[in-house]
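Engineer: give me the fold of what follows.
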Amino acid sequence: MRYYKILKMGQNPRFVSNILSALNGNNGELSAIMTYTFQSLILPNSEKYSALKDALIEIAEDEMHHFKSLNEILVDMGIIPYVVNDMNRPWNSTYINYELNIMKFLQANIKGEAYAIRVYENLIKMTDNQDYIERIRSIIEDEKEHKEIFEKFLRQFTECNKQEINDNRE
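Structural biologist: I've put the predicted structure just below:
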């Protein structure tokens with residue numbers, strides 16, 4: 001397997017390293033894109049799941065924009081945006097959450113979005129470049145919205161499951 005060298009870490013190697021992790025790490029943007037796409041594909045084609053399927057695709061598209069924006073920061077810093085993490089290892093499909101249980105994958109998505117928010121809040125502390133800070137703040141707002149969306153669906157499916165259990169008891 002070929003590992004790419006990050007030829008130049010720029011003036012702020014810690015910032016670059018954390019961006020690479022946020023992009024291509026096991027909890028990074030690329031993993032979120034692939035996980036949410038996978039989840040949308042495995043959901044049953046029924047009215048019950050159509051809103052969640054649509055939301056997963058929309059959120060995956062948002063994550064693609066984050067992926068692009070963060071890579072543009074790297075390019076602006078003179079870094080070649082190879083798809084490697086902060087350990088210089090290429091992204092791979094084992095980073096995808098292949099959970100099939102909807103409740104469990106929604107819980108994992110909520111945790112993942114909360115983690116991303118913390119990562120991006122820390123990234124802001126590592127730079128004084130106002131353009132980068134504004135881009136990252138925009139990503140944080142998206143991640144907060146994603147977390148709220150997943151929390152809404154988790155509540156909805158929790159209530160639906162409770163109702164189905166009660167209906168089966170009657």
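Engineer: need the contact list for residue 108.
Structural biologist: Taking C-beta atoms under 8 Å, 6 or more residues apart in numbering, we find residue 108 in contact with 97, 99. C-beta: built from backbone N, CA, C; applies to glycine.
Engineer: how near is it to residue 55?
Structural biologist: Relative to residue 55, residue 108 is positioned 15 Å away (C-beta to C-beta, to the nearest Å).
Engineer: residue 71 now?
Structural biologist: For residue 71 relative to residue 55 (C-beta to C-beta), the value is 25 Å.
Engineer: the more surrounded of these two?
Structural biologist: residue 71 (20 against 17; other C-beta atoms under 10 Å).
Engineer: residues near residue 114, how many?
Structural biologist: When neighbours are counted by other C-beta under 10 Å, residue 114 registers 15.
Engineer: right, and residue 122 touches residue 19 too?
Structural biologist: No - using C-beta atoms under 8 Å, residue 122 is not in contact with residue 19, being 11.1 Å away.
Engineer: which of those two has more neighbours?
Structural biologist: In this view residue 122 and residue 19 are compared by other C-beta under 10 Å, and residue 19 has more residues nearby, 27 against 13.
Engineer: check the gap between that one and residue 94 for me.
Structural biologist: Remark: distance between residue 19 and residue 94 (C-beta to C-beta) = 21 Å.
Engineer: buried residues in stretch 148-167, which are they?
Structural biologist: Under the neighbour-count criterion of 16 or more other C-beta atoms under 10 Å, stretch 148-167 has 149, 150, 153, 154, 157 buried.
Engineer: ok now the helix or strand harbouring the last one, how far from the chain's centre?
Structural biologist: Under the assignment given by DSSP states H and E, the secondary-structure element containing residue 157 is helix 130-169. Between the centre of helix 130-169 and the centre of its chain there are 13 Å (C-alpha atoms, centre = their mean, to the nearest Å).
Engineer: ok, stretch 108-118 next?
Structural biologist: Centroid separation for stretch 108-118 versus its chain: 8 Å, with C-alpha atoms, centre = their mean.
Engineer: average pLDDT for that stretch?
Structural biologist: The average pLDDT within stretch 108-118 is 98.
Engineer: which residues touch residue 103?
Structural biologist: By C-beta under 8 Å, 6+ apart, the residues touching residue 103 are 154, 157, 158, 161.
Engineer: quick one: secondary structure of it?
Structural biologist: Applying DSSP: H, G, I helix; E, B strand; the rest coil to residue 103 yields a three-state assignment of helix.
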